[in-house]
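Colleague: here is a sequence with its predicted model. Questions after.
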Amino acid sequence: MPNHTGRLVLTTADPLAGPAASVLIETLSRAGFIAVPLPGHPHAYAVGANFLSLLAFSGCAVVVPTAAGPDPHTAFCHVRISTLSAAPRLLYGRNTRPPRCPNCRARLIDWRDRMIAQLERPHPETTCTACGDTRPPWRWDWKEQGGFGRLFVLVEEVFPGEAVPTPPLIDMLTDACGFGWRHFYVQD
């Protein structure tokens, strides 16, 4: 099976915020960002009629396959909406690099072991080995290569940096949920 192209991930700017998935689905459906649920794929939706106007794609002559082909292994662009978790979760992939300390800019080289272990604690905090600054793991600089949230809107089969949410999409999500939104990219 080929490598996962990647995904654009949208989540609340505050990783502790917990928007209702039902509100997001209704909002994204009404706006034409998503269409019908995909059979056999829980929490997954076909892209809607306004999908390409709510994301800005870079490059010339961008082709975005938006429907499954006859081969079930053929990748196509679709949207998944995760379930709401009780605490912030870390999404990362093969493109994720060590996050930087916002205080001294040092890289946290052993981030996987340290961050994942911290998430099992009620009040996770990670200490920078260079300057000693301590903060929650979501307050580190991930450079749009990973991040935290309790609920995610995942735009599947989008190469990192290939698509960016437009201001109207971010504004729509903010208005619907009452929380600011941000984005990052992950490749499996």
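Modeller: Looks like it came in fine.
Colleague: use CA for all of it now, contacts and neighbours both
Modeller: Fine.
Colleague: ok, and what's touching the lowest-mean-pLDDT helix or strand in the chain?
Modeller: Between all helices and strands in the chain, the lowest mean by mean pLDDT, DSSP states H and E belongs to helix 111-118, at a mean of 81. Residues from elsewhere that reach helix 111-118 (Cα atoms under 8 Å, 6 or more residues apart in numbering): 90, 98-99, 124-126, 137.
Colleague: give me that answer again for 6 Å
Modeller: Pro124 (Cα atoms under 6 Å, 6 or more residues apart in numbering).
Colleague: report all helices and strands that whichever helix or strand comes after it contacts.
Modeller: Downstream of helix 111-118, the first helix or strand assigned by DSSP states H and E is strand 126-127. Helices and strands touching strand 126-127, by 3 or more Cα pairs under 6 Å, 6 or more residues apart in numbering; DSSP states H and E, are strand 134-135.
Colleague: contacts for the strand it packs on next, please.
Modeller: Residues contacting strand 134-135 (Cα under 6 Å, 6+ apart): 125-127.
Colleague: what is the mean pLDDT for it?
Modeller: Here strand 134-135 scores 92 as its mean pLDDT.
Colleague: same check on stretch 92-104?
Modeller: pLDDT averaged over stretch 92-104 gives 95.
Colleague: buried ones only from the contacts of strand 134-135, please, as a ChimeraX command.
Modeller: The buried subset of the contacts of strand 134-135, as determined by 16 or more other Cα atoms under 10 Å, is captured in ChimeraX by this line:
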select :125,126
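Colleague: save the contacts of strand 134-135 as a markdown table, and put in distance to Pro168 and pLDDT too.
Modeller: A markdown table is the format used below for the contacts of strand 134-135 (distance: Cα to Cα, whole Å; pLDDT from 0 to 100):
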| residue | distance to Pro168 | pLDDT |
| --- | --- | --- |
| Glu125 | 34 | 90 |
| Thr126 | 35 | 89 |
| Thr127 | 37 | 92 |
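Colleague: same list (the contacts of strand 134-135) but as JSON lines, adding distance to Thr27.
Modeller: JSON lines is the format used below for those (distance: Cα to Cα, whole Å):
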{"residue": "Glu125", "distance to Thr27": "34"}
{"residue": "Thr126", "distance to Thr27": "36"}
{"residue": "Thr127", "distance to Thr27": "39"}
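Colleague: and which of the contacts of strand 134-135 is nearest Ala86?
Modeller: Of all the contacts of strand 134-135, the one sitting nearest Ala86 is Glu125; the distance, using Cα to Cα, is 17.3 Å.
Colleague: ok, now which ones touch the nearest residue to that closest one once chain neighbours are set aside?
Modeller: In space, and not counting its chain neighbours, Glu125 is closest to Pro136: 4.1 Å by Cα to Cα, 6 or more residues apart in numbering. Pro136 is in contact with 124-126, counting by Cα under 6 Å, 6+ apart.
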